[in-house]
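Peer 1: Just the structure for this:
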Amino acid sequence: MSNDHTDDVPEWTPAADLEITDPAAVEILWHLEKRVHLKPFFGQSADLASAAEQLHVSKTAMSYWIGRLVDVGLIRLVRVEKRGRHRVRHYRCVADRLRVSLKEAPLASYEGVLDDFTQRWQAQARAAMARSLAKQAPDLELCIANTGEAAGLFTTILPRPGRPAPPDDFIQYWARLWLTDDETRQLASELNALYDRYAALSDKTRKTVPTLMQLTHVRESQR
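Peer 2: Below you'll find the predicted structure:
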């Protein structure tokens, strides 16, 4: 078994940053349901029992994944703790940050790549926006129209006539803009600058209002 080691563990320090190129390790990292088993070992060491508890999986399943992660070189044994007649092995990820080239993605499409890394934020943002809509419901209405496009009916949320515009608890724009190449580059530059400006002000230890921010700007294919 890959995680059957002796008590004599060489001293070892994880890398701060590491690019992963081995195909077997890359395959694990590109799939959310597989790479989640790395979570207990990032930035800290964990034994089988604590890792299984954190991930809410059985010790048998966690033992399998520890063996597999060791085999592909994503985690390493860091120490063996003696507890009576038992020896408890502790493992840690080989680096505090792992990187994989996009060209190595074994997914069916790059849309899958986007879904993979945005799903956490999308779920949080949708829940926050739903709460905001519920709070502002008396001042808003859902507007439905037929645009004639294959996608179906067009819907949007607007202030009700005669009501004051509610405060912007969230801002979300979807729009197709027709711009020149220079204007498109300028828009991207200004959006990047906006993010950089407020990211520099962010201070989790001293400021009390968490805000989710998403900026999307992409050239649309003209097929």
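Peer 1: got the end-to-end distance for stretch 80-94?
Peer 2: Using CA to CA, to the nearest Å, one end of stretch 80-94 lies 17 Å from the other.
Peer 1: Quick check: mean pLDDT of that stretch?
Peer 2: Stretch 80-94 comes out with an average pLDDT of 89.
Peer 1: and it, which residues are buried?
Peer 2: The neighbour-count check on stretch 80-94 (16 or more other CB atoms under 10 Å) flags 89-94 as buried. Yep, even glycine has a C-beta here, placed from its N, CA and C like the rest.
Peer 1: Give me the below-cutoff pLDDT ranges for the chain.
Peer 2: Residue ranges of the chain with pLDDT under 70: 1-7, 107-109, 148-151, 222-223.
Peer 1: Need the single longest helix in it, by residues.
Peer 2: Assignment by DSSP state H gives helix 110-136 as the longest helix of the chain.
Peer 1: Just give the strands next to the helix or strand that comes right after that one in its sheet, each with its orientation.
Peer 2: Once the chain leaves helix 110-136, the next helix or strand it forms, by DSSP states H and E, is strand 140-146. When pairing is defined by DSSP bridges, strand 140-146 lines up against strand 153-159 (antiparallel).
Peer 1: What are the contacting residues of the partner strand?
Peer 2: Outside strand 153-159, the residues that touch it by CB atoms under 8 Å, 6 or more residues apart in numbering are 133, 139-147, 165-166.
Peer 1: Thanks a lot, catch you later.
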